[in-house]
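> make a model of this:
(chains A and B)
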Protein chains: 2
Amino acid sequence: MEHPENDKAYKGLVVNAGIEPPSSVNPYLKNHPRRKKRSLSVADYVDGIVKGDVTILSRAVTLVESVLPEHQTVAQEVIEKCLPYAGNSVRIGISGVPGAGKSTSIDVFGLHVLGKYGGKLAVLAIDPSSERSKGSILGDKTRMEKLSVHPKSFIRPSPSAGSLGGVARKTRETIVLCEAAGFDKIFVETVGVGQSETAVHSMVDFFLLIQLAGTGDELQGIKRGIMEMADGIVINKADGDNLERAKLAASQFRNALHLFPASESGWTPQVLTYSGFYNLGVKEIWDMIYQYIAFVKENGYFEYRRNEQSKYWMYETINEYLRDNFYHNPHIEALLAEKEQQVLRGNLTSFVAAKNLLDTYFSDLKR
Amino acid sequence: MEHPENDKAYKGLVVNAGIEPPSSVNPYLKNHPRRKKRSLSVADYVDGIVKGDVTILSRAVTLVESVLPEHQTVAQEVIEKCLPYAGNSVRIGISGVPGAGKSTSIDVFGLHVLGKYGGKLAVLAIDPSSERSKGSILGDKTRMEKLSVHPKSFIRPSPSAGSLGGVARKTRETIVLCEAAGFDKIFVETVGVGQSETAVHSMVDFFLLIQLAGTGDELQGIKRGIMEMADGIVINKADGDNLERAKLAASQFRNALHLFPASESGWTPQVLTYSGFYNLGVKEIWDMIYQYIAFVKENGYFEYRRNEQSKYWMYETINEYLRDNFYHNPHIEALLAEKEQQVLRGNLTSFVAAKNLLDTYFSDLKR
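As a prediction, this is how the structure comes out:
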């Protein structure tokens, strides 16, 4: 956060973890008019979800995604009643820049884990920029050809456009519902653009980064901090002519990871090559991931990380709301640009400017 | 900030950018009783500083570091009146893990720049853990043998222990005073422990990271994110038996930097080797740094970065104060542990817990 590119970043409003004012009706509800459904009670939702009824699960997720206050009230009750049934899953974050082959990869990854380990798989996504009309990630289920028709899978696109925090909150709550419905494997997909990776990393047990082989210059597409979050890096398209380049990229990544501090989990991030399209090396990736899960369950880090994540979201929600409330205060909005200019012109120190604004805000709150 | 190691980090209280309640008298004043000095007016301070009177500059810095409200009032006025005279300097952040040879390096660096470019050099420090009694960084001036007796240098230890934000604010304000006193070269030293690097990076034009050659394992001493902040990495102790290892380390760092995204300034971070002790390669380092300064002055990034830094400190101060005020509210302090436990036991979602706490806080403020 040294040189944020715009004021939003300074104010910390880019990651706005939830509690936002209702601004519009959920576009999902708007764009898909249908016969009026029988309204369900909280108990109906919970019963249906716990029984694994995917239709009811789906309707509950729609409630979670809705911005209508009355929907949110029901949604929060449903989530709270589902909490005791949640948590029993392996949550995997999957990230990669556009073009890295995420959809194809998730398709083969999903089939592999369902085939080898059984159970049920939910595939969710976080994409703050998504709008269904423009084809968000996962918006077009057919991109996951086989998984989308698999009886044990549940694919849900990213909640529609909004603040990253809002979108992330909804996805995190959807995980709870899916787990309560018996989904014991959760994939959370995201685009490789920075902030959303942090959000995904804060709700999964394993963070997988999909990369492509390329020249040194192409590797620079990785955003700051993302490589350090990865529990595993996998180089896609390691096939045919590209095999050697992929192996070279893998060894470059291994060298680079070597320079990073040891991870808190005690796990050494692995770098593997594979081909999503030709289904090569997929088994090895998942052997590695399940080896990680066994490792961190054994050393206690699995539970520790989940607890830290719960606390993280509580504190993050608070901190973001505090900022939001300050910067959207009408008096502050009126004064902020002026103070900023005084600071830039060298008429006022940063600290005195901050103090002026804070005094204005708190005396306003007391009024 | 994914998995902060303690609650302070969640609450964002680790970097607490200033405006803190007075908690104790400045230990500097306490531990060094002296004859009562004639009290100076704001005008006396400003005149003395602008004339380059180092004794008065020194007293003004002591005021800045004081936690007494009456000292702070005078200090803020002095700083504000000095602002028009400030800014005309090159600010260099110098970081490195303990043992990297920072003091010896700063000694030879200082002599080199004063010899080659003339002018005056102020050496400041940020070390939130410092207590004068325990020998903070720069606390023992004799560690900089030659520079400490140089007529054109001003060396000031880190402000004494306090929150990182408070310490950083004082150092940033001291920069203003030093510049107004005609110091056109500012070094800000810090220990290589993470958060303080971010603070230093946010107040300098060039961030230099001192490293040692070593085995791969030793290199892991670098904290997350620090390497990405560096505008230059220099490997110390490139002499005698160690020369080859230093060169190898340099090439490893070059490879690693290659994987990072291009820097905003358009500058490619350089990696050089040197020996502080034998004064080898020092000229090349400073040629590189002055080449950087010319480069960013030419492309406009120099001024852009300084403006961004001023804004950063304004927003950072606000955001930290908002958190501070929340988490130190007596009702919140009483309720927080309980809500956290409810979240960890799975009785409450992170978001509902956050909302409960926020409702409590804001209704309390209105009372």
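
> pLDDT at A:Ile318, what is it?
The per-residue pLDDT reported for A:Ile318 equals 94.

> burial count for the closest residue in space to it that isn't next to it in sequence?
In this structure, A:Ile318 finds its nearest non-sequential neighbour in B:Ala354, 4.8 Å apart by Cβ to Cβ, 6 or more residues apart in numbering or on different chains. The way it works is simple: take the backbone N, C-alpha and C, and place the C-beta from them, glycine included. Neighbours of B:Ala354 under the rule other Cβ atoms under 10 Å in any protein chain shown: 26.

> check the offset of the helix or strand harbouring B:Ala354 from the chain's centre.
Assessed by DSSP states H and E, B:Ala354 sits inside helix B:350-366. Distance, stretch centre to chain centre, for helix B:350-366: 34 Å (Cα atoms, centre = their mean, to the nearest Å).

> so what does that helix touch, helix or strand wise?
Counting contacts by 3 or more Cβ pairs under 8 Å, 6 or more residues apart in numbering or on different chains; DSSP states H and E, helix B:350-366 is packed against helix A:69-82, helix A:164-180, helix A:301-327, helix A:350-366, helix B:330-344.

> wait, the residue nearest to A:Ile318 sits on A:Met314?
Yes: if you go by Cβ atoms under 8 Å, B:Ala354 and A:Met314 touch, sitting 5.1 Å apart.

> ok, now how distant is the residue nearest to A:Ile318 from A:Arg156?
Going from B:Ala354 to A:Arg156 by Cβ to Cβ, to the nearest Å gives 24 Å.

> would you mark the buried spots in stretch A:266-286?
A:267, A:269-276, A:279, A:281-282, A:285 (16 or more other Cβ atoms under 10 Å in any protein chain shown).

> so which of the residues you listed sit within helices?
A:Val282, A:Ile285 (DSSP state H).

> which of the buried residues of stretch A:266-286 fall in strands?
A:Gln270, A:Val271, A:Leu272, A:Thr273 (DSSP state E).

> what ranges do the helices span in the stretch 101-250 of chain A?
Using DSSP state H, counting those that start in this stretch, the helices found in the stretch 101-250 of chain A span residues A:102-117, A:164-180, A:195-201, A:216-219, A:226-229, A:243-258.

> same for the third one, what does it pack against?
Packing partners of helix A:195-201 (3+ Cβ pairs under 8 Å, 6+ apart): strand A:90-96, strand A:121-126, helix A:164-180, strand A:185-191, strand A:206-212, helix A:226-229.

> in terms of mean pLDDT, which of the ones you listed ranks lowest?
Taking the mean pLDDT of these, helix A:226-229 comes last: a mean of 80.

> check whether that one contacts chain B.
Yes: residues of helix A:226-229 contacting chain B under Cβ under 8 Å from any Cβ of the partner chain: A:Met227, A:Glu228, A:Met229.

> residues contacting the last one?
Going by Cβ atoms under 8 Å, 6 or more residues apart in numbering or on different chains, A:Met229 touches A:Glu197, A:Thr198, A:His201, A:Phe207, A:Leu209, B:Glu2.

> let's see that with 10 Å instead.
The contact partners of A:Met229, by Cβ atoms under 10 Å, 6 or more residues apart in numbering or on different chains, come to A:93, A:95, A:197-198, A:200-202, A:207, A:209, A:263, A:269, B:2, B:224.

> of all those residues, which comes closest to B:Arg306?
B:Arg224 (25.9 Å; Cβ to Cβ).

> coming back round to it: and the contacts of A:Met229 as JSON lines, adding distance to B:Gln341?
Below are the contacts of A:Met229 laid out as JSON lines (distance: Cβ to Cβ, whole Å):
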{"residue": "A:Gly93", "distance to B:Gln341": "27"}
{"residue": "A:Ser95", "distance to B:Gln341": "32"}
{"residue": "A:Glu197", "distance to B:Gln341": "30"}
{"residue": "A:Thr198", "distance to B:Gln341": "26"}
{"residue": "A:Val200", "distance to B:Gln341": "26"}
{"residue": "A:His201", "distance to B:Gln341": "24"}
{"residue": "A:Ser202", "distance to B:Gln341": "20"}
{"residue": "A:Phe207", "distance to B:Gln341": "27"}
{"residue": "A:Leu209", "distance to B:Gln341": "34"}
{"residue": "A:Ser263", "distance to B:Gln341": "27"}
{"residue": "A:Pro269", "distance to B:Gln341": "33"}
{"residue": "B:Glu2", "distance to B:Gln341": "22"}
{"residue": "B:Arg224", "distance to B:Gln341": "29"}
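
> drop anything exposed from these.
Here, 16+ other Cβ under 10 Å leaves A:Gly93, A:Ser95, A:Glu197, A:Thr198, A:Val200, A:His201, A:Ser202, A:Phe207, A:Leu209, A:Ser263, A:Pro269, B:Glu2 buried among those.

> save the residues you listed as CSV, and put in distance to B:Ser66 too.
As requested, the buried ones among the contacts of A:Met229 are exported to CSV (distance: Cβ to Cβ, whole Å):
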residue, distance to B:Ser66
A:Gly93, 48
A:Ser95, 48
A:Glu197, 43
A:Thr198, 39
A:Val200, 46
A:His201, 42
A:Ser202, 40
A:Phe207, 46
A:Leu209, 49
A:Ser263, 42
A:Pro269, 47
B:Glu2, 37
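
> rewinding a little: now render the residues of helix A:226-229 next to chain B as JSON lines, adding distance to B:Leu248.
Shown next, in JSON lines, are these (distance: Cβ to Cβ, whole Å):
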{"residue": "A:Met227", "distance to B:Leu248": "22"}
{"residue": "A:Glu228", "distance to B:Leu248": "23"}
{"residue": "A:Met229", "distance to B:Leu248": "28"}
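
> wait, which of those is closest to chain B?
Using Cβ to the nearest Cβ, A:Glu228 comes nearest to chain B of these, at 5.6 Å.

> ok, that closest one - contacts?
Counted by Cβ under 10 Å, 6+ apart, A:Glu228 has contacts A:His201, A:Ala256, A:Leu257, A:Phe260, A:Pro261, A:Ser263, A:Pro269, B:Glu2, B:Arg224, B:Gly225, B:Met227, B:Glu228.

> name the nearest residue to the fourth one, sequence neighbours excluded.
Take A:Phe260 and drop its neighbours on the chain: the residue closest to it by Cβ to Cβ, 6+ apart is A:Glu228, 5.6 Å away.

> try the third one
Setting aside the residues directly before and after it, A:Leu257 is nearest to A:Pro269 in space (Cβ to Cβ, 6+ apart), at 5.4 Å.

> need the phi and psi values for that neighbour.
Backbone torsions of A:Pro269, given as degrees, to the nearest 10, read phi -60, psi 130.

> surely it meets A:Pro261?
No: applying Cβ atoms under 10 Å as the test, A:Pro269 and A:Pro261 come out as separate, 11.5 Å apart.

> host element of the residue nearest to A:Ile56 when sequence neighbours are not counted?
Distances taken as Cβ to Cβ, 6+ apart place A:Gly48 nearest to A:Ile56, at 3.0 Å, with adjacent residues excluded. Using DSSP H and E, A:Gly48 sits in helix A:42-50.
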